[in-house]
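Asks: Please find the sequence and the predicted model below.
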Amino acid sequence: MTLELNEVSRTVYMPQIKTACKRYILTDKMTTVRLTVGGERFEILVNPDTALAYKQGKKFEISQVLASDQIYTDSSKGDRASSDKLIKAFRTDSILKVAEIILQRGELQLTTEQRRKMVEDKRRQIISLIAKNYVDPKTNLPHPPVRIEQAMNQIRVSIDPVRPAEEQAKKIIDDLRLILPLKTGNLKLKVKVDAVYAPQVIGVLKGFGNILKEEWRQDGGLDAVIEVPVAMQRTLLDRLAATTKGTAQASTLE
């Protein structure tokens with residue numbers, strides 16, 4: 001059986017069908033960037049992945065980011081901003097110029113998948129920071145990342161997908177100390193290397209910490225003093241051993 005819409009039903013139902021389709025597309029194919037200027041809200045519809053990359057510093061033409069060539073006051077309702085409102089808020093009614101301002105200064109509404117991935121990436125960054133800079137005071141060895149993650153789960157750490165990992169780690173470390181012993185600080189290592197390995201070792205040392213002393217012996221060998229986080233001591237010693245085939249000499253200084 002074939003159903004046909006008469007003129008009345010087209011008039012009554014087609015706008016509803018279009019609205020439903022539009023909302024489906026908004027949810028699955030695009031997201032918004034919002035900016036409030038002078039108490040007035042403005043929105044643009046954007047490609048989620050391209051917009052996120054743009055906000056993270058990658059270069060795109062604005063037209064590549066936009067999913068619609070309109071400026072809205074409420075995109076979910078399809079309410080467009082008038083030319084007068086645009087000129088009052090942005091001193092121009094050029095869609096591309098206004099969209100660029102909104103994209104640069106506005107808040108990107110992350111999709112569920114983007115937020116999940118960003119939270120997971122930030123979690124890994126925070127765990128890595130803790131593992132590299134803190135040790136178990138009983139062993140002076142770093143806690144395994146799995147142990148740190150389990151402790152974070154135990155205290156129900158909430159990860160912000162946007163804030164820098166370093167900034168969030170400070171509060172998380174304070175909370176972790178309630179159930180996970182953590183010690184930080186730096187130590188000084190005196191390193192002595194034969195000439196054949198010295199050029200490689202100086203590169204290794206620069207990647208681990210602050211070189212306080214660098215003396216090249218007449219035979220081409222290297223005497224150095226480096227300050228490194230306590231948690232990095234074992235990793236550095238292992239790297240030196242591998243680079244010099246076990247011939248490097250290293251000792252801690254008081």
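Replies: Looks like it arrived, so ask away.

Asks: Flag the helix or strand of the chain with the lowest per-element mean pLDDT.
Replies: When the helices and strands of the chain are compared on mean pLDDT, DSSP states H and E, helix 7-29 comes out lowest with a mean of 42.

Asks: need the next SSE after that one, C-terminal direction.
Replies: strand 31-37 (DSSP states H and E).

Asks: Could you check how far that next one is from the centre of its chain?
Replies: Remark: strand 31-37 is offset 21 Å from the chain centroid, using C-alpha atoms, centre = their mean, to the nearest Å.

Asks: Would you mind giving the domain segments of this structure?
Replies: Domains of the chain are assigned by automatic domain parsing as 7-108, 112-176, 186-253.

Asks: Including mean neighbour count, could the ones you listed go into TSV?
Replies: Just so you know, the C-beta spots here come from the backbone N, C-alpha and C atoms, and that holds for glycine as well. Output for these, formatted as TSV (neighbours: other C-beta atoms under 10 Å):
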stretch	mean neighbour count
domain 7-108	15
domain 112-176	15
domain 186-253	16
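
Asks: for the stretch 51-200 of the chain, what spans make up the strands?
Replies: For the stretch 51-200 of the chain, strands defined by DSSP state E, counting those that start in this stretch occupy the ranges 72-74, 79-80, 107-108, 186-193.

Asks: List the contacts of residue 83.
Replies: Contact analysis of residue 83 by C-beta atoms under 8 Å, 6 or more residues apart in numbering lists residue 93.

Asks: For residue 172, find the nearest of the strands of the stretch 51-200 of the chain.
Replies: Between residue 172 and these, the shortest separation by C-beta to C-beta is 21.0 Å, and it involves strand 186-193.

Asks: Show me the contact partners of that closest one.
Replies: Taking C-beta under 8 Å, 6+ apart as the rule, strand 186-193 contacts 201, 205, 209, 212, 221-230, 233, 236, 240, 244, 247-253.

Asks: before we move on, what about stretch 119-135?
Replies: 141-145, 148-149, 152, 159-161, 163, 165-166, 168-169, 172-173, 176, 182-184, 229-232.

Asks: Not counting sequence-adjacent ones, nearest residue to residue 162?
Replies: Of all residues not flanking residue 162 in the chain, residue 118 sits nearest, at 7.5 Å (C-beta to C-beta, 6 or more residues apart in numbering).

Asks: do you know how far that neighbour is from residue 140?
Replies: Distance of residue 118 to residue 140, computed by C-beta to C-beta, to the nearest Å: 34 Å.

Asks: do residue 41 as well
Replies: According to C-beta to C-beta, residue 41 stands 54 Å off from residue 140.

Asks: Over to residue 45?
Replies: Counting by C-beta to C-beta, the gap from residue 45 to residue 140 is 54 Å.

Asks: cool, and residue 52?
Replies: Distance from residue 52 to residue 140, by C-beta to C-beta: 41 Å.

Asks: swap in residue 233?
Replies: 8 Å.

Asks: pLDDT weak spots in the chain?
Replies: Along the chain, segments meeting pLDDT under 70 span 1-28, 254.

Asks: just the helices in it please.
Replies: Here the chain has its helices, by DSSP state H, at 7-29, 48-55, 62-65, 83-90, 95-105, 112-133, 145-154, 165-176, 198-206, 233-244.

Asks: which strands and helices sit next to the last one?
Replies: Contact here means 3 or more C-beta pairs under 8 Å, 6 or more residues apart in numbering; DSSP states H and E; on that basis helix 233-244 packs against strand 186-193, helix 198-206, strand 249-253.

Asks: No further questions, thank you.
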